[in-house]
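A.B. asks: Model the following, please.
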Amino acid sequence: MGKMESIVLRKRYHIQYNKDNDYTEEIGIMNKRETRIRILDLQDQHCMGCKHYNGVRTYCMDDCKIGKEIYQLGTGLIFDEKDSKRKVKLKWDSICQQALVLRNKGYTYQKIANQLGCHASSLRKQLNQRGL
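C.D. replies: Got it, this is the predicted structure:
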């Protein structure tokens, strides 16, 4: 990451460092791309010159402020991924429930799909996955 992009990220998310160049505060929500850039930026600026860089990583997560920030940012990426999959599943659960009600009223799968805003084949696939 270039120095200019790093400065923009710091200003955008109010990232501040104290006199020892230790991370002190971060406010705002970064998207996945910005989070990955932030992790790489921290590794380039702090980890490459660190005496613990090739050593045991538990030091970084337990005792190093930069390591803790990198770990926190990384786990945020993982939870976002799982959360989005969960949201999609919940969305389809709701669509399938509505589809069953409409199907019991005599609607065709094509009409149900049009009304619910999805493709008929996707609707059938989701219903089959749920055993409905």
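A.B. asks: Please, where are all the helices along the protein?
C.D. replies: For the chain, the helices defined by DSSP state H cover 3-12, 32-42, 57-63, 65-104, 109-116, 120-129.
A.B. asks: for the protein, which spans come out with low pLDDT?
C.D. replies: Along the chain, the parts satisfying pLDDT under 70 run over 1-30, 53-58, 79-82.
A.B. asks: Go again with 50.
C.D. replies: 1-2, 7-27 (pLDDT under 50).
A.B. asks: before we move on, back to that, so for Met48, which of the helices of the chain sits nearest?
C.D. replies: helix 32-42 (10.3 Å; Cβ to Cβ). All C-beta spots, glycine's among them, are computed from the backbone N, C-alpha and C.
A.B. asks: So which bits of the closest one are buried?
C.D. replies: 34-35, 37-39, 41-42 (16 or more other Cβ atoms under 10 Å).
A.B. asks: need the helices of the chain in TSV with distance to Met48, can you?
C.D. replies: Listed next are those as TSV, based on distance: least, Cβ to Cβ, whole Å:
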stretch	distance to Met48
helix 3-12	15
helix 32-42	10
helix 57-63	13
helix 65-104	11
helix 109-116	52
helix 120-129	47
